[in-house]
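Student: sequence unknown, structure follows:
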């Protein structure tokens, strides 16, 4: 869909107005027409936005320079909560689908934003799938509720901010020269994450190892099809100080992954295979750990439950992300003291972040005491 | 242990002073000596107390007229949180064991009561078992944290207060005459709970059915040993409008219980078999539902996680209790919107409740908006 057609689509879907604001590709869309300042009704507003990547982002299956997101705001009783949907193209959501979903959301039927369980169940009932769209409401709702209690979510969840993990920093698949440049840029980070599965697996790792001995996390994004090759690689990677192997084979190859996990010297982590709690329940013995992402599971409520359940099942937890602003990253970071590993670098890979939130200090996720998800607007996106 | 010896024991354990206050059998015991009013250090105080039962309480394995409890208070920054341990004798805890445990708890090492996960992990690490003692700290901590945020826990958990279940009211094993009297007293309650397993199973149910057609929950407390008898009874109970069958056989008879659950026309609920998350993970297919009690699992933190996990596993949740004051009952009630069934009548069975908290309206649990666990002191127990 061309930009002009897309804006027309927005306009049809939700009565959008076009504004000239840099970065935003459509003006805020209100789902209710009331403009009263201190309403005791929740009002949802949303804006499509395009994230500009600092580097071309290459996975086993695609490469791109931008990521579409939708920014959300829920206003209630003079307080505002912010959320975000991020839609990397391979997950099937887009500006169009998210706006279509959000246009159907009517929060005014709920008398209180604290009714999180009811609201999340309502969102789930609108349409199946659409997890990023659902996450954008869930995150804004959590930000709002945190602000209404005056506490950040890691406090409401009883978590210790000193227990945040170090985040890895992703090195995309590229030529040795670019890889070396990216590794040099990743100097502040203690753990590197490398995407394999495009055929140059050993070359990628050897290139990094030629200039750095930092621990490496490997993400294959389902790129390997042969379990014997995967196991050979697992041993080779272990020798090269790799700490885990994420989604080495297609999620449908359950038996092969279970065999690999049982024999691998490094833990095998589920990413594409894990979306909901139902997925998690089938994973004991197949994977050793899971990668939770807000955009996969529908937001903070589901992510928290999945993290608790996985811990209860004796599995390790990783908290990951898409390319996102500091909004969704800071939301995910609230959970991070529950995780052994984190890959929350999505906001570091973009040049037009419109929020400030959690920071990285010497590679470690650093939570702040701001209420909700701990963010402030860097660029004012919502003019209402 | 005689009362005099017990008081001496308290004194030895934690420097207790004796007071003449009715009901309390020892004065508040402080684990730190500071009396500063607005300290930024958490101070734990505890008092042994004896609950007086309105009726003799008869189970398949024992009967009694009192229940020992220990009341706890955590003070921090001028705010006070209340908790409670209840020790029905068949669970192995007592005034002595709880006081011994609490005397080892040093909360002053934690700079913030919001560090719930760290504090709960610390309590678990002091000694294995001692779940009621752990619950007494966990509940006081939750009450404190709720008060510090100004919100009740059902709000912090995002639960809908309108979704609380009806509570059942327990009719103990007794003569037909007393049973009829108890059923008449239970007039405000919509669901009756009956304890079976002493040989007069059908007589108990028939006595109730002679004067009431309310739905009945059956709790056998591991009293049946023969799965064929259990299945026959399950069919007979179903015909008599029984809605579930709780712990029909000893928890060690896993295969028989799984067989019963697969064939029974009413759901089989785990009670004695369920203590921790590890227990829960083995229960899929063995039981259809679980009865969560704060005193079994160690408090609100564990109970919330178990409830979420059980729901995720597709099991129904019941929230139950021991004989307790309105303190522990109100704490459990915060969770009750997550439960399909509740048996929170422990405070209704005693004559010397020292707290006011959640109430029952037409048989339904009614939460209030007071912060924390929603209680106020009816009798002032802590004079500090």
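Tutor: All right, it came through fine. Quick caveat: nothing in here was measured; it's all calculated off a predicted structure.
Student: In terms of helix, strand or coil, where does residue A:248 fall?
Tutor: Three-state call for residue A:248 (DSSP: H, G, I helix; E, B strand; the rest coil): coil.
Student: ok, it - how many residues close by?
Tutor: 31 (other CB atoms under 10 Å in any protein chain shown). Yep, even glycine has a C-beta here, placed from its N, CA and C like the rest.
Student: now do residue A:384
Tutor: When counting by other CB under 10 Å, one arrives at 12 neighbours for residue A:384.
Student: before we move on, what about residue A:105?
Tutor: Using other CB under 10 Å, residue A:105 has 21 neighbouring residues.
Student: before we move on, what about residue A:272?
Tutor: 16.
Student: and the stretch 51-200 of chain A, which residues reach chain B?
Tutor: A:114-118, A:120, A:145, A:149-151, A:155-160, A:163 (CB under 8 Å from any CB of the partner chain).
Student: Going by neighbour count, which of the residues you listed are buried?
Tutor: A:114-118, A:120, A:145, A:149, A:151, A:155-160, A:163 (16 or more other CB atoms under 10 Å in any protein chain shown).
Student: All the strands of the stretch 51-200 of chain A, residue numbers only.
Tutor: A:63-76, A:79-86, A:168-171, A:191-195 (DSSP state E, counting those that start in this stretch).
Student: tell me, which of those is the model least confident about?
Tutor: When the strands of the stretch 51-200 of chain A are compared on mean pLDDT, strand A:168-171 scores lowest, with a mean of 89.
Student: The stretch 201-350 of chain A: strands as residue ranges?
Tutor: Under the criterion DSSP E, counting those that start in this stretch, strands of the stretch 201-350 of chain A are mapped to A:216-219, A:242-246, A:268-270, A:289-292, A:316-319, A:341-342.
Student: If you average pLDDT per helix and strand, which one of chain A comes out bottom?
Tutor: Least confident helix or strand, chain A: helix A:3-14 with a mean of 40, by mean pLDDT, DSSP states H and E.
Student: Adding distance to residue B:199 and mean neighbour count, write the strands of the stretch 51-200 of chain A out as CSV.
Tutor: CSV is the format used below for the strands of the stretch 51-200 of chain A (distance: least, CB to CB, whole Å; neighbours: other CB atoms under 10 Å in any protein chain shown):
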stretch, distance to residue B:199, mean neighbour count
strand A:63-76, 59, 22
strand A:79-86, 59, 27
strand A:168-171, 64, 26
strand A:191-195, 64, 22
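Student: Any chance of the ones you listed in JSON lines with distance to residue B:327 as columns?
Tutor: As requested, the strands of the stretch 51-200 of chain A are arranged in JSON lines below (distance: least, CB to CB, whole Å):
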{"stretch": "strand A:63-76", "distance to residue B:327": "33"}
{"stretch": "strand A:79-86", "distance to residue B:327": "32"}
{"stretch": "strand A:168-171", "distance to residue B:327": "45"}
{"stretch": "strand A:191-195", "distance to residue B:327": "46"}
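Student: give the contact list for residue A:318.
Tutor: A:244, A:246, A:269, A:289-292, A:339-343 (CB atoms under 8 Å, 6 or more residues apart in numbering or on different chains).
Student: Go through the residues you listed and say which is closest to chain B.
Tutor: Lowest distance from chain B to the contacts of residue A:318 (CB to the nearest CB) belongs to residue A:339, with 12.6 Å.
Student: need the strands of the stretch 201-350 of chain A in CSV with mean pLDDT, can you?
Tutor: Below are the strands of the stretch 201-350 of chain A laid out as CSV (pLDDT from 0 to 100):
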stretch, mean pLDDT
strand A:216-219, 96
strand A:242-246, 97
strand A:268-270, 98
strand A:289-292, 98
strand A:316-319, 98
strand A:341-342, 97
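Student: And the ones you listed: which comes nearest residue A:232?
Tutor: strand A:242-246 (11.9 Å; CB to CB).
Student: what about the closest residue to residue A:338 other than its chain neighbours, how many residues close to it?
Tutor: Nearest non-adjacent residue to residue A:338, counting by CB to CB, 6 or more residues apart in numbering or on different chains: residue A:307, 4.6 Å away. Per other CB under 10 Å, the neighbour tally for residue A:307 reads 24.
Student: got it, and residue A:257?
Tutor: Other residues lying near residue A:257 total 24 when counted by other CB under 10 Å.
Student: Isn't it up against residue A:268?
Tutor: Yes. Using CB atoms under 8 Å, residue A:257 is in contact with residue A:268, at 6.4 Å.
Student: Which neighbours do these two have in common?
Tutor: A:248, A:287.
Student: Helices of the stretch 51-200 of chain A, start to end?
Tutor: For the stretch 51-200 of chain A, applying DSSP state H, counting those that start in this stretch gives helices covering A:95-102, A:116-126, A:131-149, A:153-156, A:176-185.
Student: would you turn those into TSV with mean pLDDT?
Tutor: Formatted as TSV, the helices of the stretch 51-200 of chain A follow (pLDDT from 0 to 100):
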stretch	mean pLDDT
helix A:95-102	98
helix A:116-126	98
helix A:131-149	98
helix A:153-156	98
helix A:176-185	88
